[in-house]
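Asker: this one's structure only:
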């Protein structure tokens, strides 16, 4: 998840940097960098979310099979 936030932040910083360099022809490079960074960041964040939900579902299923007298806190 921290990697996802890092990539999204880098993508936003690339957008801000490219706005300063708008008259140059380098804006397409920075636009590509920002798109890739934001998409990678969102991919990592989505993956972290799916893994968290999956582990919560597995934990809930284990607790359901154990019964209330053996519950962990």
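Answerer: Perfect, thanks for sending it. Computed from a prediction, not measured in an experiment: that's the story for all the values here.
Asker: Enumerate every residue touching residue 7.
Answerer: 37-38, 40-41, 44 (C-beta atoms under 8 Å, 6 or more residues apart in numbering). The C-beta positions use only the backbone N, C-alpha and C, and glycine is treated the same way.
Asker: From those, which land in helices?
Answerer: If you go by DSSP state H, the contacts of residue 7 have 37-38, 40-41, 44 in helices.
Asker: pLDDT score for the nearest residue to residue 38 once chain neighbours are set aside?
Answerer: The shortest distance from residue 38 to any non-neighbouring residue, by C-beta to C-beta, 6 or more residues apart in numbering, is to residue 11 (3.5 Å). Per-residue pLDDT puts residue 11 at 85.
Asker: just residue 59 next, same as before
Answerer: 92.
Asker: Need the nearest residue in space to the residue sitting nearest the centre point of the chain, chain neighbours excluded.
Answerer: Central residue of the chain (C-alpha atoms, centre = their mean): residue 45, 1.9 Å from the mean position. Ranked by C-beta to C-beta, 6+ apart and with sequence neighbours excluded, the top spatial neighbour of residue 45 is residue 4, at 3.6 Å.
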